[in-house]
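Enquirer: Coordinates for the following, if possible.
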Amino acid sequence: MLWVRLISFVVIWAAILYVTRTGLSINWEALKKLPDVVTVYVILAFAFTKWFWRMSVFQGWLVPFTDLQGTWRGELKSTWKDPNTGQSLAPIPTTLVIRQTFSSISCTVFTGESESYSTAAQITHDEESGALFLNYNITTTRTGQRR
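Expert: This is a model prediction of the structure:
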């Protein structure tokens, strides 16, 4: 996405040169506008990273992943079997809370017995199937019965 950043920077520079009637040539007057260009670029980059990336106009071509932020309810199904009885654990009702910006994603998992948070999370793309996957590692911060 380096090309997007570079094109954005040049477009902002050209817009500032046009608005200030400096002219679209690279000269000393145009170079003196670079601090303004950097300021506008940083503000727009911050706004895009925080909010604008969620807009549907950017999905698919500029933003290659889905907005997953929210609260998701489901079940945790374990493949573990009790060695004494051979019984599997019953599914555990689970709530997954995802917090996401353009450049970061984190997960918190709540069950009736524990609360866990992600230490690392990322969205990956399977080239063969085209499917997107949310991968995360969790650390349990509280165990025991909820009150």
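Enquirer: Count the residues that sit near Gln100.
Expert: Counted by other C-beta atoms under 10 Å, the residues lying close to Gln100 total 20. Bear in mind the C-beta positions are built from the backbone N, C-alpha and C, glycine included.
Enquirer: Quick check: it touching Val63?
Expert: No. When contacts are counted by C-beta atoms under 8 Å, Gln100 is not listed as touching Val63 (11.2 Å).
Enquirer: Checking Leu44 next. Helix, strand or coil?
Expert: helix (DSSP: H, G, I helix; E, B strand; the rest coil).
Enquirer: do you know how far it is from Thr101?
Expert: Using C-beta to C-beta, to the nearest Å, we find Leu44 at a distance of 15 Å from Thr101.
Enquirer: quick one, phi psi at the closest residue to Leu34 other than its chain neighbours?
Expert: In space, and not counting its chain neighbours, Leu34 is closest to Trp13: 7.4 Å by C-beta to C-beta, 6 or more residues apart in numbering. Main-chain torsions, Trp13, degrees, to the nearest 10: phi -60, psi -50.
Enquirer: now swap in the one 4 residues further on and tell me
Expert: As for Leu17, its main-chain torsions (degrees, to the nearest 10) stand at phi -60, psi -40.
Enquirer: how close does it sit to Thr71?
Expert: For Leu17, the distance to Thr71 - C-beta to C-beta - is 46 Å.
Enquirer: Between the two, point out the one with more neighbours.
Expert: Leu17 (19 against 10).
Enquirer: And the pLDDT at that one?
Expert: Leu17 carries a pLDDT value of 93.
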